[in-house]
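Enquirer: pasting the structure only:
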């Protein structure tokens, strides 16, 4: 049993941390305030090649294992959650199905530029009436000669309004529920494909999130991503554990930033003639936060390690996502309290951490859904 | 192996203060341990050697023509010959660019110990301040300021103890220099008080004309220049203005002091938010975090936001009209007064002290 | 053209430093990386790789550490890392380090050696010029500009009170000041290469290096917390004079 990162992984962590500190940290407040996608930063950062982290070397990637990718997600999320979300979308959910099922031509046209940061990608599940309940998907795909015609509206699409291509979940037969769901590749410029309303969000700002509208969008047969019709959800399931772990890693990264900021404050802020870090009730907060952070990290990296062992850590990944993000929400809350009224002021970080943490509650499964899943898996029954 | 050599260095027509400080320290130490103080002058400094009368037992002048203007190659040759001939136990330099070129190469050539950034030298076991070392409380060096040889340790051949900061000043280390080795050491300015040991020695003069190599380094161009304008986050000295500066019409006072200290100017959030200064120069949590050697807060109240941007400064000076301003809780030195009056006086004093 | 960079692994500037109970030792938090000025030196070497097809190497010397710094240099683009790893280098004298580095540099004919101006931990700036002396190379410290000519380099360097341009015949050694080059951020490909690189190691015996004796440590001392403020009274002119006196004589920062 060995709980340590390898020396190589530690080097990777330091390198990424240093890159994040130098390149992204100086812009985090600006990104949050303006809520605009930082295109210049995107170009600068993606030119480093990290978007290919999980992909094979021949595609410009690093073929990194899951643990190494978690290190990356965690370090990225110490800075701007919005920017991290945009980056990670291109690394994982936005490109995975294209990588897995796209033709060579599609890979050449979409995947390789996405790995280089030249194209922005997204994946579309959520609709006005469906999110957790994928079976409720209404966006439809109708078979026509030589391809499919898509109709519907997707919402809460990360990178959506900017996306050069999207993998879109649509049903070929609403009556068949989950068994009729497929992912279709839709590229920018396809007639009938347009961006709708952009959402104005509480946190995770700087990543553009919004509606995508499909009006009689024709895509050729090869754009149905998968070997078999009706297996869309199964194919998604192949990376569901990884997505859950990734969201947990984002929570750990954000919690670390908040924790460090709170620590800095507690060591400097003077009240009643001493630094507030010397008061027991403040120290207790740090003791609890540090303990839960450590616990979250253990759970998360264990789940990622299991992925690397070729296992399917369905329970562990769900637990890790839920626990890490709940921990993060607690830490950001405590840090706003440590900051006192300053925690409420826009010029300090804690209010941003507080807002950003909430975003992590939904992706990779709401905690209500995850508890339901876990409970059912553990207890059994219907 | 008892003597101490001092490599004398001038700025213009006067020796650097460090030269006099090192000579005094050497007199204090040799008074306790025996041995002679030798002042070494070479190249451009030779014309100033009369100023060393009484301050050393001996002035050695290195006369080779290649030593003017300064070139490291020739100096290393000349000093190596002089040190080899005189066999001192230690050679003391003032910290500076020239020392950084010469001392390490000398150490490599002579197989000597070399230490940079030293702040104290005393005889092992010597009682502190027995010879009238400077009396500072040593707010920064944590060593109780410079002291010299204690009379109690007047057993010739005693080991020397030498101290210097390590890890960016987070700790100090004191090393023992055995009596039978050669030490080369560069001392920071103000490590000793130039008045710590009596002068009035009978000074012998000696010339060394050993041949030295011609420099392999060809000087193409030399540009005398004012100090480079320091970057706020890297400057060794930061002068920050706050609400007490009133308005931009007074910011010149900050610039003047910063220029005199070769430092950078910062502004508090109050001035930036009021549109009077640029955010790029804001010191504080949402601005720049600075960690200079000397931080001077001028009319800054000391909101926690500000403190978090400068608390790691080594020495903090606060000037404020309000004696209860929180900034004083984070300062080493406080002046209660109107910054608009204190600043010009301070700039004048700094100029006088550092010129 | 072969360019060798001297690299040192140092604790982060933020690493906590603690003196052990009796003052006999120091505990430094294990957060380490490539020295700030060495990173500039690495970048300057990489610029020569790009502009003059230089072959680049990095050499370091330490006891059981230094891999992190080597990896960083490789991640940035240095081709050949060589580490002198020897227990005798633990707390070694600067001259021992310099001898080890010089011997490692001299394993192959070298045209230019670039060192950082100083390490950020001890800020001593000794090893670079020592290596120049040992190798018999001319040396220019604090370089802020570098141009390769035929058989020589033109170096712009900072000196006390200004700057100068000097020409050094090759082989030569320069030390890098901030401004010589803007260190690149390693990309993923370089990072990946650095993670996998086999770092060649050697030791003092193999290099035929004799250690220079270590100066014994009497004690370590940390800097305490900021003492209570000293308030200075008086009219502005008097207060200013007293403040300057204290800054010079007590705080020793002027």
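Expert: Yes, it's here. Not measured: the values here are computed from a predicted model. Numbering: from 1, shown residues only, chains lettered A, B, ... in the order given.
Enquirer: Strand partners (parallel or antiparallel) of the lowest-mean-pLDDT helix or strand in chain C?
Expert: One helix or strand of chain C scores below all others by mean pLDDT, DSSP states H and E: strand C:17-19, with a mean of 86. Here strand C:17-19 is paired, per DSSP bridges, with strand C:26-28 (antiparallel).
Enquirer: and the closest residue to residue C:17 other than its chain neighbours, what pLDDT?
Expert: Excluding its sequence neighbours, the residue lying closest to residue C:17 (C-beta to C-beta, 6 or more residues apart in numbering or on different chains) is residue B:170, at 4.0 Å. (C-beta placed from N, C-alpha, C; glycine too.) Here the pLDDT value assigned to residue B:170 is 79.
Enquirer: cool, the one 5 residues further on as well?
Expert: What the model reports for residue B:175 is a pLDDT of 94.
Enquirer: ok, the residue nearest to residue C:17 - how many residues close by?
Expert: Residue B:170 has 19 neighbours, counted by other C-beta atoms under 10 Å in any protein chain shown.
Enquirer: now swap in residue A:6 and tell me
Expert: Neighbours of residue A:6 (other C-beta under 10 Å): 12.
Enquirer: okay, it: pLDDT?
Expert: Residue A:6 is given a pLDDT of 92.
Enquirer: and it, how far is that from chain B?
Expert: As for residue A:6, its distance to chain B is 28 Å (criterion: C-beta to the nearest C-beta, to the nearest Å).
Enquirer: and if you look at residue A:354?
Expert: Going from residue A:354 to chain B by C-beta to the nearest C-beta gives 16 Å.
Enquirer: and if you look at residue A:264?
Expert: Relative to chain B, residue A:264 is positioned 6 Å away (C-beta to the nearest C-beta).
Enquirer: tell me the contacts of the residue nearest to residue C:17?
Expert: C:17, C:222, C:223 (C-beta atoms under 8 Å, 6 or more residues apart in numbering or on different chains).
Enquirer: How about residue B:106?
Expert: Going by C-beta under 8 Å, 6+ apart, residue B:106 touches B:76, B:79, B:80, B:83, B:91, B:112, B:114, B:184.
Enquirer: can I assume residue A:13 sits in a helix?
Expert: Yes: under DSSP: H, G, I helix; E, B strand; the rest coil, residue A:13 falls within a helix.
Enquirer: list the contacts for it?
Expert: So residue A:13 contacts A:5, A:71, A:75 (C-beta under 8 Å, 6+ apart).
Enquirer: Turn those into TSV, columns for secondary structure.
Expert: Shown next, in TSV, are the contacts of residue A:13 (three-state DSSP):
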residue	secondary structure
A:5	coil
A:71	helix
A:75	helix
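Enquirer: Can you select the buried ones among those for me in PyMOL?
Expert: In PyMOL syntax, the buried subset of the contacts of residue A:13 is picked out as below (16 or more other C-beta atoms under 10 Å in any protein chain shown):
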select buried, chain A and resi 71+75
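Enquirer: Determine whether any part of whatever helix or strand residue C:245 lives in lies close to chain B.
Expert: For residue C:245, the host element (DSSP states H and E) is helix C:236-249. Yes: Helix C:236-249 reaches chain B (C-beta under 8 Å from any C-beta of the partner chain) through C:236, C:237, C:239, C:240, C:241, C:243, C:244, C:246, C:247, C:248, C:249.
Enquirer: quick revisit: which one of the contacts of residue B:170 is nearest to residue B:269?
Expert: For those, the closest approach to residue B:269 (C-beta to C-beta) belongs to residue C:223, at 28.6 Å.
Enquirer: Measure how buried that closest one is and give me the count.
Expert: Residue C:223 has 19 neighbouring residues, counting by other C-beta under 10 Å.
Enquirer: same thing with the one 4 residues further on?
Expert: The number of residues packed around residue C:227, counting by other C-beta under 10 Å, is 10.
Enquirer: backbone phi and psi for it, please?
Expert: Backbone torsions of residue C:227, given as degrees, to the nearest 10, read phi -70, psi 170.
Enquirer: Could I get the pLDDT score of it?
Expert: In this prediction, residue C:227 carries a pLDDT score of 84.
Enquirer: now do the one 10 residues further on
Expert: If you check residue C:237, the pLDDT there is 93.
Enquirer: quick one, what contacts it?
Expert: Going by C-beta under 8 Å, 6+ apart, residue C:237 touches residue B:345.
Enquirer: Wait, a strand at residue C:173?
Expert: Yes: the assignment for residue C:173 is a strand, going by three-state DSSP.
Enquirer: neighbours of it, just the number please.
Expert: Neighbours of residue C:173 using other C-beta under 10 Å come to 27.
Enquirer: Next: the one 10 residues further on.
Expert: Other residues lying near residue C:183 total 21 when counted by other C-beta under 10 Å.
Enquirer: Let me know the secondary structure of it.
Expert: Note that with three-state DSSP, the state of residue C:183 is coil.
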